[in-house]
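Quick one: sequence plus predicted model below, questions after.
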Amino acid sequence: MRRFFQLCGILLLAFIIFSISADTYPDSMQVPERSDVEPTPILTPAIQVEDRPYHAVIQYGNPEVIKDNSGPLYTYIRFPQSGGPTDDVISNWARNLHFGVQTEFIAMQENEPGAIGEINVHFDSYLVDYRYAGIFQEGEFSYTLDPLIPPEEVIKTFNIDLLHNTFLESRDILDYSKMDEIIEILRERLIVEYPGIERHLGFVDETWFNILVISDIGIIVVLDKFNNLLPEMYGTITATLPYEVLDDVLLIRKDPPLTPPPASEPLPDHSDTVDTYDDPEDTDDTDDPEDIDDTEPSVSPQSNNIDRSMPIIALTLDDGPGVYTNQFLDLFEKYNIRVTFSTIGNLVNTQEEALIRAIDLGHEVIGHSWDHKNLAKLPADAVSKQITDTSNIIEEVTGTNVKLFRPPYGAVSDTMREVSRDLGFSMIYWTLDPRDWDTKDPETIYHYVLNNIEDGSIILSHETYRTTLLAYQNIIPELLLRGYQFVTISELISLKSVEMEPGDVYPMMR
């Protein structure tokens, strides 16, 4: 009976997600203009390298994350925001997705109180001619650790005409009056990319082009398993149709490329709370991160030599690298402190220079999984790949040997301990969690850290939020005034004479 309710719940949720994922705007819907915000894309090109795991491509928009670390529905939904008038549609899709999964999960808990769920969604974004943007959201959600119940897939695409702030449908991108020619191009591409698929291409029609993504090298056709266009063994696949073979059937790219926009600063995160505050003892009224370098330190920077008679703490920043990484580095450099960045592997290539700068400044970079999945529910081979792929790309970019990692959500299993032991890795937990991902309020973060800090504290925070950056703009000088010294995780372990073996978790979990 419990299995029956689980399956019914999954079928209902699939319907909900399908409804959410379906286009919520008509063909070429005009998005209302905003007079106060320019739709300027933020460029952070990714490097795609053969024979490596998937690397995020972020050519348009700043990554924003909907996150829940507390469980039992662990959440990581990454989507782009550009500061333009189309942001609300993309943000609302992500939040509706979260709400739909969360609602169904709560209903399932009535029949299975011990259920553990996860939703994990990422995106690739492409910028073409500074005129078009394509966004490909992909991920999955699950409600239980039961391997007999596979996760549900999440697929959604957005294509934007940035000049007119208009969403484009497939018929706005390809000339459907030439569908026979378009189908033949797709057939040829699928046969090249997927040997043996030819026998399944007997009937191809325009429905095969319902999900498209405008990319920098061509139009990506997404054939998702939900629509049963191909046998189940193929799952969801993509085929990229190069622009050079699409010239006669394209409706876009008929005009010359637009002039590249000037470089712009990172966007504020979109939280429902006020993201600035004035500390009573802070005489600097600025709340703009770009002003950090223009002000003198409010207290003396930390000495290069650690005084062992004074308290030490480790600040750790998860989920990067990201759009605020360099501004965090500016702040840390101003006060001459060292921290530990806990990095997601598939984002490393989007901010290589920032990570190299972090190492040059004396900071530490460790792994935080490849794509922020809950490793505690994965089998040994998948856990091993998550750890090693992440450490390998960090080592390749920064030249540092990585033997520490922080498990996403702080979730640790016996399998993770065994795999870590075999690979020679240790896991890093925390002692102080201001829940900056939840409150997104600098004042709340500020008071929580200052009221709970003690010698040896390991602070968990996230470099993906501007509100966290603003909080530490005030936290760091106050802690320095109190005599605290910031060190990396490895330095704290050494200074506290902690003996760690591969497979250990430090400090002991709550």
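Here it is on my side, so go on. Residues are numbered from 1 along each chain as shown.

Could I get the full set of strands for the stretch 101-250 of the chain?
Shown for the stretch 101-250 of the chain, the strands assigned by DSSP state E, counting those that start in this stretch span residues 117-128, 132-142, 152-161, 166-167, 212-214, 218-223, 237-242.

now the ones you listed as TSV including mean pLDDT, distance to P408 and mean neighbour count?
Every residue, glycine included, has its C-beta placed from N, CA and C. Listed next are these as TSV, based on pLDDT from 0 to 100; distance: least, CB to CB, whole Å; neighbours: other CB atoms under 10 Å:
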stretch	mean pLDDT	distance to P408	mean neighbour count
strand 117-128	96	9	24
strand 132-142	96	14	23
strand 152-161	96	18	22
strand 166-167	97	32	20
strand 212-214	98	27	24
strand 218-223	96	26	22
strand 237-242	95	26	18
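
Indicate which one of the ones you listed is closest to V383.
V383 lies closest to strand 117-128 among the strands of the stretch 101-250 of the chain, at 14.6 Å (CB to CB).

Sketch out the helices for this structure, chain order is fine.
For the chain, the helices defined by DSSP state H cover 2-21, 87-109, 170-173, 179-193, 243-246, 325-335, 352-360, 380-398, 414-423, 436-439, 442-452, 466-481, 489-495.

Deepest-packed of the ones you listed, please.
Mean neighbour count (mean count of other CB atoms under 10 Å) peaks for helix 466-481 among these, with a mean of 23.

quick one: low-confidence parts of the stretch 301-450 of the chain?
Within the stretch 301-450 of the chain, no stretch has pLDDT under 70.

Now do the same contact list for Y324.
Shown in contact with Y324 (CB atoms under 8 Å, 6 or more residues apart in numbering): 266, 289, 463-466, 469.

Span of stretch 442-461 from start to end?
12 Å (CA to CA, to the nearest Å).

now that stretch: how far from the chain's centre is it?
24 Å (CA atoms, centre = their mean, to the nearest Å).

quick revisit: closest to I489 among the contacts of Y324?
E463 (15.1 Å).

I'd assumed V323 was in contact with the closest one.
No. Using CB atoms under 8 Å, E463 is not in contact with V323, being 9.2 Å away.

Report the beta-bridge partners for the residue nearest to the spatial centre of the chain.
Nearest to the mean C-alpha position of the chain, by CA atoms, centre = their mean, lies R78 at 4.4 Å. Under the criterion DSSP bridges, R78 forms beta bridges with V65.

what's the spacing between it and I119?
11 Å (CB to CB, to the nearest Å).

try S170
From S170 to I119 the distance is 27 Å (CB to CB).

next one: P80
Distance from P80 to I119, by CB to CB: 18 Å.

and what of F332?
32 Å.

Domain map for the chain?
2-249, 289-506 (automatic domain parsing).

Which one of the ones you listed lies nearest to L258?
domain 2-249 (4.2 Å).

and that closest one, how far out from the chain's middle?
So, by CA atoms, centre = their mean, the centroid of domain 2-249 is 15 Å from its chain's centroid.

now swap in stretch 499-506 and tell me
Going by CA atoms, centre = their mean, where stretch 499-506 is centred and where its chain is centred differ by 28 Å.

Next, the buried residues of it.
Counting neighbours by 16 or more other CB atoms under 10 Å, one finds that the buried residues in stretch 499-506 are 500, 503-506.

now, the most widely separated pair of those residues?
G503 and Y506 (11.1 Å).

which residues are common contacts for the two?
In contact with both G503 and Y506: S426, using CB under 8 Å, 6+ apart.

give the contact list for the nearest residue to Y194 once chain neighbours are set aside.
Once flanking residues are discounted, Y194 sits nearest to I237: 6.7 Å by CB to CB, 6 or more residues apart in numbering. Listed by CB under 8 Å, 6+ apart, the contact set of I237 reads 194, 223, 230.

I'd like these laid out as a markdown table, including distance to Q59.
Below are these laid out as a markdown table (distance: CB to CB, whole Å):
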| residue | distance to Q59 |
| --- | --- |
| Y194 | 26 |
| L223 | 23 |
| L230 | 29 |
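
Looking at the helices of the chain, which is nearest to T295?
helix 325-335 (8.1 Å).

Determine the set of other helices and strands touching that closest one.
helix 352-360, helix 466-481 (3 or more CB pairs under 8 Å, 6 or more residues apart in numbering; DSSP states H and E).

will you turn these into JSON lines that also has distance to D129?
Output for the helices and strands packed on helix 325-335, formatted as JSON lines (distance: least, CB to CB, whole Å):
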{"stretch": "helix 352-360", "distance to D129": "25"}
{"stretch": "helix 466-481", "distance to D129": "30"}
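
Count the residues that sit near the closest residue to D504 other than its chain neighbours.
Nearest residue to D504 in three dimensions, chain neighbours excluded: S426, at 5.0 Å (CB to CB, 6+ apart). By the criterion of other CB atoms under 10 Å, S426 has 20 neighbours.
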